[in-house]
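J.: What follows is a predicted structure for the sequence shown.
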Amino acid sequence: MEAKEFAYKITDLIFSKKGHDVKILDLRNLSSIADYFVICSADSDTQVKAIADEIDKELSKQGIKCWHKEGLTALNWVLLDYFDVIVHIFKNESRRYYNLEKLWGDAPTLLVEDKA
C-alpha cells in the first residue's frame, strides 16, 4: 500500500472514533522523517486513547505493526510511527500549543473528508 493511501486509511480509523480537525501534511519534499503526518484532535484523554488503540488494533489485524509509540501515559499527544506515515493524536489544548501545522507550514495539506 502506498504511503498516501495508508494515510487516508488512518483518517478513516480516526473518524470512526470521532476524532476531528484531521489533516494530512505532505512532507515528501521537505523532510526524510516521513512522507506524511496525519494530525487529529480529540476532546479528552479517553478519546485520545480510543483513537490510538483503534488505529493500532485495526492495522495490527492487517499485519501492519507500529514501529514506535509515544505519549500513551499522559495522553495529551500520542505519536504512532509507521515509518512513512506518522500519526499525531492531540488533545485540543495540546494541539493549539504545539501547532505542528505552523511548524511544518511549508508542507502541502491534503484534503480529508469525514465520511460519516
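T.: On my side now, so go ahead.
J.: mind checking pLDDT for the spatially most central residue of the chain?
T.: By Cα atoms, centre = their mean, the mean C-alpha position of the chain lies nearest to V87, the distance being 2.7 Å. Here the pLDDT value assigned to V87 is 98.
J.: How about the secondary structure of D114?
T.: coil (DSSP: H, G, I helix; E, B strand; the rest coil).
J.: Could you find the closest non-adjacent residue to it?
T.: Closest residue in space to D114, ignoring its immediate chain neighbours: F15 at 5.0 Å, by Cβ to Cβ, 6 or more residues apart in numbering. The way it works is simple: take the backbone N, C-alpha and C, and place the C-beta from them, glycine included.
J.: For that neighbour, what is the enclosing helix or strand?
T.: Using DSSP states H and E, F15 maps to helix 3-16.
J.: Now that helix: buried residues?
T.: Under the neighbour-count criterion of 16 or more other Cβ atoms under 10 Å, helix 3-16 has A3, K4, F6, A7, Y8, K9, I10, T11, L13, I14, F15 buried.
J.: tell me what the longest helix along the chain is packed against?
T.: Counting by DSSP state H, the longest helix found in the chain is helix 45-61. Counting contacts by 3 or more Cβ pairs under 8 Å, 6 or more residues apart in numbering; DSSP states H and E, helix 45-61 packs against helix 3-16, strand 36-42, strand 77-82, strand 85-91.
J.: just checking, R28 is part of a helix?
T.: No - using three-state DSSP, the assignment for R28 is coil, not a helix.
J.: neighbouring contacts of the lowest-mean-pLDDT helix or strand in the chain?
T.: Within the chain, judged by mean pLDDT, DSSP states H and E, the helix or strand with the poorest mean is strand 109-110; its value is a mean of 86. The contact list for strand 109-110 (Cβ atoms under 8 Å, 6 or more residues apart in numbering) reads K4, A7, K23, I24, L25, D26, Y36, E101.
J.: Thought D21 was touching R95, still the case?
T.: Yes - here R95 reaches D21: they are 7.5 Å apart, a contact under Cβ atoms under 8 Å.
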